[in-house]
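Undergrad: the amino acid sequence is not available; the structure is as follows:
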């Protein structure tokens, strides 16, 4: 088990609503990345936060936003939910060592939009 | 063309079989090649990775990279029911990891 935790485990929202997902990084890690994994697909990069600033973004619209807190925990916010936002949302924490093997994923939050 | 392509399967094999999982990629500048395993209702966990071309072995698992054909493979020897999972190839690119679609593997007792 990694030290990365996510909450909630799963939730159901209605189209048009807003949602906040939370991630607690592994101890010693100051960088967090968020991914969206649709059913039957690989994870897709949403964005990364380093020292509370966005540090890279994938091909996702602005209604996907994030925050990183001084304790390096993080939130993913999605506004105006669409049916296609239904997916597993993964966060991954890492350090700034640059080592490719030091990114650890949490168990994910399963979001269903109806 | 996607940067990383992977046949999603599913793949079903009997226990003890040799499993071959494969991906192709498009960018010849990529240097690191990762394999993740994802059990149902879990996040991906790093299985192994290789740098540049060649083979890397770890127990029953062997990762292979052929940069000339932009082809990466993962072989599982003596497959076990506990190997049943989705296997994702991935390539780090600056701040993000580019994943294939994942191949769902079932090893039947």
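TA: Happy to help now that I have it. No experiment lies behind these values; they were computed from the predicted model shown.
Undergrad: state which strand of chain B is the longest.
TA: Among the segments of chain B that qualify as a strand by DSSP state E, the longest is strand B:85-93.
Undergrad: what's that strand in contact with?
TA: Residues outside strand B:85-93 that contact it (Cβ atoms under 8 Å, 6 or more residues apart in numbering or on different chains): A:42-43, A:100, B:3-4, B:6, B:21, B:23, B:25, B:27, B:30, B:32-40, B:44, B:47, B:72, B:74, B:97-100, B:102-105. For every residue, glycine as well, the C-beta is placed using N, CA and C.
Undergrad: again, 7 Å this time
TA: A:42, A:100, B:4, B:6, B:21, B:23, B:25, B:30, B:32-39, B:44, B:72, B:74, B:97-100, B:102-105 (Cβ atoms under 7 Å, 6 or more residues apart in numbering or on different chains).
Undergrad: what's the answer for stretch B:101-109, then?
TA: Stretch B:101-109 is contacted from outside by A:41-42, B:6-15, B:19, B:21, B:38, B:79-81, B:83-88, using Cβ under 7 Å, 6+ apart.
Undergrad: in strands, which of those residues appear?
TA: B:6, B:11-14, B:19, B:21, B:38, B:85-88.
Undergrad: between those, which sits nearest residue A:27?
TA: Residue A:27 has its nearest neighbour among these in residue B:38, at 23.2 Å by Cβ to Cβ.
Undergrad: quick check: bridge partners of the closest one?
TA: Residue B:38 has these beta-bridge partners by DSSP bridges: residue B:86.
Undergrad: secondary structure element for the most centrally placed residue in chain A?
TA: Computing the C-alpha centroid of chain A and ranking residues by Cα atoms, centre = their mean puts residue A:34 first, at 3.0 Å. Using DSSP states H and E, residue A:34 maps to strand A:31-37.
Undergrad: ok, residues contacting that strand?
TA: Contacts of strand A:31-37 (Cβ under 7 Å, 6+ apart): A:23, A:25, A:43-50, A:66, A:68, A:72, A:74, A:76, A:87-96, B:96.
Undergrad: buried ones only from the residues you listed, please, as a ChimeraX command.
TA: Selecting only the buried entries of the contacts of strand A:31-37 in ChimeraX, with 16 or more other Cβ atoms under 10 Å in any protein chain shown as the criterion:
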select /A:23,25,43,44,45,46,47,48,49,50,66,68,72,74,76,87,88,89,90,91,92,93,94 /B:96
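Undergrad: and stretch B:11-28, how far from the chain's centre?
TA: Going by Cα atoms, centre = their mean, to the nearest Å, the spacing between the C-alpha centre of stretch B:11-28 and its chain's C-alpha centre is 7 Å.
Undergrad: quick one: is that stretch near chain A?
TA: No. Against chain A, stretch B:11-28 shows no contacts by Cβ under 7 Å from any Cβ of the partner chain, the least distance being 10.0 Å.
Undergrad: show the residue spans covered by the helices in the chain.
TA: Answering for chain A, as no chain was given. Shown for chain A, no helices are assigned by DSSP state H.
Undergrad: around chain B, pick out the residues from it.
TA: Within reach of chain B by Cβ under 7 Å from any Cβ, chain A has these residues: A:33, A:40-43, A:45, A:48, A:55-56, A:58, A:90, A:100-101, A:105-108.
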